[in-house]
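Engineer: Sequence first, predicted model second:
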Amino acid sequence: MRKKGYVIFGFIVVLLTGCSSRKDITSLTFSGTLEIEEHSLGAPVSGRIKDILVEEGQGVKAGQPIAFLEHYEQAKRDFERSEALLDSGGVSREQYEHDRQTMDDQQILSPIDGVVLLKVRESGEVVAAGA
């Protein structure tokens, strides 16, 4: 019975210590194994990189734009025009889909939530499809 009392007392001390409002803890140290999943990104079509929107070490979310190719702005304007004309019959559904695909092909998006480890391309470089 005496041993049980020590265990309960120890648990209460640990609980109260963990719930204290001390602000002097400046760092925590953990040990363990870290596994990294690496993804290489490439442009869906060949072209010149216009803008790279991320830096090494920066966190990104899935679907976030990483870079734009040089014809992105024109492709975006074409898509927006097709989108506006679609309901009135000014463009076909096929043309609308084509313009959307063209716009999508002019941007590189993050496939996952993660951190940019390394940039191997810079603005102004010409890239091949998939590279």
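Structural biologist: Perfect, thanks for sending it.
Engineer: A helix includes residue 29, no?
Structural biologist: No - looking at residue 29 with DSSP: H, G, I helix; E, B strand; the rest coil, it is coil, so not inside a helix.
Engineer: mind checking the SS state of residue 78?
Structural biologist: helix.
Engineer: secondary structure element for residue 34?
Structural biologist: Residue 34 is part of no helix or strand, with elements assigned from DSSP states H and E.
Engineer: now the helices for this structure?
Structural biologist: With DSSP state H as the criterion, the chain has helices at 2-18, 72-86, 93-105.
Engineer: average pLDDT across the shortest one?
Structural biologist: Translated: helix 93-105. Averaging pLDDT along helix 93-105 yields 95.
Engineer: Name the residues of that helix that are buried.
Structural biologist: By 16 or more other Cβ atoms under 10 Å, the buried positions in helix 93-105 come out as 96, 99, 102-103, 105. Using the backbone N, CA and C atoms, a C-beta is placed for each residue, glycine as well.
Engineer: Looking at those, which is nearest residue 37?
Structural biologist: residue 105 (25.3 Å; Cβ to Cβ).
Engineer: For the closest one, which residues are in contact?
Structural biologist: 43-45, 69, 75 (Cβ atoms under 8 Å, 6 or more residues apart in numbering).
Engineer: where does this structure have low pLDDT?
Structural biologist: 1-25, 131 (pLDDT under 70).
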